[in-house]
Structure formats: structure tokens, C-alpha cells
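J.: Take this sequence and fold it.
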Amino acid sequence: MIVKNGRVALPGEADFRNADILMEGETIAAVGKGAGDHGESGGHEIVDAEGLLVFPGGIDPHVHFDDPGYTDREDFYRGSSAAASGGITTVIDMPDTSVPPVTNRENLKRKLEAIEGKAVVDFGLYGGVSEQSFERDFPRNMEGLADAVLGYKTYFTSGMETFGRLDHFRFRQVLNRAKDLALPVLLHAEDYGYVSGATEAAMSEGNEPIHYYQSRPETAEMLAALSAVQLAAEAGADLHIVHIGTAGVCDLLAEEGITGETGPHYLEFDVTDFQREGATLKCTPPLKGPANREKLWKHLADGKLSFVASDHAPCSVEEKNTGSIWTDYAGIPGCPTLLPYMFSEGYMKGRLSLPRFLQIISENAARRYGIYGRKGSIEKGKDGDLLLVDPEQNWTVYGKQLLSKGSVTPFEGRSFTGRVVKTILRGRLVYTAGQGVLVEGGYGIHIKR
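T.: Coordinates of the predicted model:
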């Protein structure tokens, strides 16, 4: 394939470069003006990118595709199709919403068997360590996953019966072993002691979104991060905090050289929107006070936050509307809107420079999880993963048109500047606007470190 006439975003460069991209097989062979001219008569597929911006394929390093298990909510085919439609070429799937959860080698094998023949984009997997892991051959099960996963997911507060929370002592043991295995530990950071007491009090007060927020406010996130940072520093371990909504956490992480991510919903919405919109905006951790939003944008720009991730976790309309904010499902179908949102509201509005935008949507996650040798930038020798955007087209979000099984999105009716028109994975068109997904499930492959 040759992608010609595009304005290409290259790593570290302050502006787009007029360049062509030659791909031989699945990898990039050359980048530059006239690259691939000799190949135009040699059977190469030509993609004309005139008027388009060419980015490296996006990486969403936090998705719940629920396969095997809760496939009524999402599965790997529909989830990865939605990813492709939003310019995402690589996802990393969480272990906790699989049944059984990916906490040992046997469960990993079941996971891979279940999703075989389904993925439209490339995927990595996390392993997990839960309370149950300590009843079933810890730490041997961690070791058994080490060659196939990109990190280990843990919780300080968990609502899942099959994936219980870790107390501080067990979390420290996980950090110790993960350090030996040279893999990062990912943490859902909400303090159990605070949340358990606050939930009881808030439930007695009422059934509004504000009460759910009061059960898990900024304090719960800060307390969890404080203890996790202390434990990681003592262990000398590699820690990453996921879905940060509290801006103060970012300063804490930066002091210790620990990484963190946020999501578009924390950048765009706050608890006042949650109170107005209801369960459509319910997620865990919940949206926080208005003072956090612009600070999170600032921390993305200044590097205190490493990247954004969708925390894609859709559900049915019925699960979102149970009649109680306490039982309404917590999660949104964020993968297809992740990159369009960041392009429109981050880069196009001047909140992010072009080099920083590239780091946030692709490069930093690839580096963080050990796949930068083949993903994360447009460079010779890397996978031919590209995203073509028309900056002159606007795109309006309608949940029923998303390729995900989930249609309840907080961005319903919102228009973004710029439209994903083509997604290319390993030198092959996998999605075009108007035609949809162009490959069979199974084209996406399992990516390891």
C-alpha cells in the first residue's frame, strides 16, 4: 500500500509534513515526499490522502470487551469494530470483566479461545490479581501470565464478586512480584475504608447522582493514591493509576515518577452534568467537582498525565435505567469517541500541541506497555497502522450508529471537528467512513511485549 499526498504527523515534529508512506506487507518501508513512487506500477494499493491528516493509529489502553462472559454488553467483534471506526488500531483489554477473569494461565487460554476470529484491530491483554488470587496459588499464577500480558490490573475497591479488592498488604506483595517480572501494576484507586462508610451514609440520604458522587468523592481517590504511591515507592515497583478524575492525584504521581491516565468523560463532564443527565454519565470512579476538568487538561499538556483511555464499558439501555442510581450500570461506550474527542477538543482547540497530541493518543501508551517497537508512531520498520482524518468535516455522535453493542453515550448529539475517514492496520484498510468495517473478524492479532 502507498498512502499519497497526505499531511503526515511524525514523532517529535511541530507541524505536519507533506509526505507519502510506502508499506511493504504489514510494515512501513519508507516515509517522505515521493516515497513509493517506484511502486505505483508494481501492484501496490494506492490510497489518496489529499486534504487529509495522517496520524499513527490510535491506541486505547483501557477497554472492557467482556468476552467471554458478559457478551450481552459487548464482545470482541463489536468492540473492536467500534474501535476501528474511531481510528483506534490497538486496544488493551482488561481482565476483570471476563468470565472467568484472566488471573491465571488456564483462564488466559479460555479468553484467547473465546475471542479467536473476532478481533478487527490488534489487541493486548492485561492479567489481573484479585482477592481470590491469594486463595489460588499466588504468586505462581502471576508468573504464568508474564509472557502474554502487558501488566496486572488490581482494585482497592471492587464491586465484582469474581474479582475482589486487594488490601494494602496483598497489594504490596503484588508490587514486589511484578517488579521481579518487570511488568507494571495498574490500580483502580478508590479507598475502600472511605467508600464503604460513605456509601452507607449516602444511600441513606437519597437516590440521586449527587449521592453516588458523595459515596466516592475526590477524597476517596486521593487516599487510595497516597497509599498506593507509598507502597510502590517502598517496593521500587512500576505503578500506573487508571481513570483519574481528581486533579490533585496528578501532582502526587508526578512527585514519585508514577504514571496515570484520564478519560474524555473526566475532561468534558463533571458532577453537575451527572446530576442533570443521570445514569448516562455514571461511571466508576464517578465524575468529580467542576474544578478538576481544566486542571486535568493542563496536566495532560504538561505531562503529569501520560495519556487518555476510554475505559470502554457499555451496557444495555435497560441496565442503564434500573430506577436507582445505585443499581444503574457504571460504564460508557467510550472507544469509538476517544480519539475524535481528543482531536476536536484537544488538538483543534489548541489545548494540546501536535507532538503532545501524538504522545497522548498513541506513543506514550505504546512505550508504557512495551509495544513501541512496532506501534505508536509513523516510522520505518513499524506496523503500518494509520488514521486518516478530514479536518474539514464535522462528525455528530449518535449512540445507535456506534458499532459497539452499547448505544448509551454521554456524547449523544455532540458534534466534533474532524472525521475519521479511513483506518489502516498493518498495511490494510480495516475501516472507511460510509462503508464501515472492511475486514473479517480475526484480522486483529494478539500483541505482546
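J.: Where do the domain boundaries of the chain fall?
T.: 2-54+381-437, 55-368 (automatic domain parsing).
J.: Can you say which of those domains is packed in most?
T.: Mean neighbour count (mean count of other Cβ atoms under 10 Å) peaks for domain 55-368 among the domains of the chain, with a mean of 21. All C-beta spots, glycine's among them, are computed from the backbone N, C-alpha and C.
J.: now the domains of the chain in TSV, with mean pLDDT?
T.: Listed next are the domains of the chain as TSV, based on pLDDT from 0 to 100:
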stretch	mean pLDDT
domain 2-54+381-437	95
domain 55-368	97
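J.: Ok, which of the ones you listed comes nearest residue 445?
T.: Among those, domain 55-368 comes nearest to residue 445, with 5.5 Å by Cβ to Cβ.
J.: For residue 447, which of the domains of the chain is the nearest?
T.: domain 55-368 (4.7 Å).
J.: how long is that closest one from one end to the other?
T.: Terminal residues of domain 55-368 lie 19 Å apart, using Cα to Cα, to the nearest Å.
J.: how distant is that domain from the center of its chain?
T.: Computed by Cα atoms, centre = their mean, to the nearest Å, the chain-centroid distance of domain 55-368 equals 8 Å.
J.: same deal with stretch 16-35?
T.: Distance of stretch 16-35 from the chain centroid (Cα atoms, centre = their mean) equals 27 Å.
J.: How far does that stretch stretch from one end to the other?
T.: With Cα to Cα, one end of stretch 16-35 sits 16 Å from the other.
J.: Other residues contacting it?
T.: 1-10, 36-37, 39, 44, 53-54, 354, 378-384, 386, 426-428 (Cβ atoms under 8 Å, 6 or more residues apart in numbering).
J.: if we can go back for a sec, can you put the domains of the chain in CSV and add distance to residue 444?
T.: Formatted as CSV, the domains of the chain follow (distance: least, Cβ to Cβ, whole Å):
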stretch, distance to residue 444
domain 2-54+381-437, 7
domain 55-368, 3
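J.: These: which one's closest to residue 446?
T.: Nearest of those (Cβ to Cβ): domain 55-368, 6.2 Å.
J.: those helices in the stretch 101-250 of the chain, which residues are they?
T.: Taking DSSP state H, counting those that start in this stretch to define them, one finds helices in the stretch 101-250 of the chain at 105-115, 140-145, 168-181, 192-205, 209-215, 218-235, 247-256.
J.: To residue 374, which of the domains of the chain lies closest?
T.: From the domains of the chain, taking Cβ to Cβ, the stretch that ends up closest is domain 2-54+381-437, at 4.9 Å.
J.: so how far is that closest one from its chain's centroid?
T.: With Cα atoms, centre = their mean, you get 19 Å for domain 2-54+381-437.
J.: mind checking the end-to-end distance for that domain?
T.: 20 Å.
J.: now do stretch 162-171
T.: Stretch 162-171 has an end-to-end distance of 17 Å (Cα to Cα).
J.: List the contacts of that stretch.
T.: By Cβ under 8 Å, 6+ apart, stretch 162-171 touches 95-96, 99-101, 103, 128-132, 134, 154-158, 174, 187, 192, 227-228, 231.
J.: Looking at the residues you listed, which are in strands?
T.: Cross-referencing the contacts of stretch 162-171 against strands under DSSP state E gives 128, 154, 155, 187.
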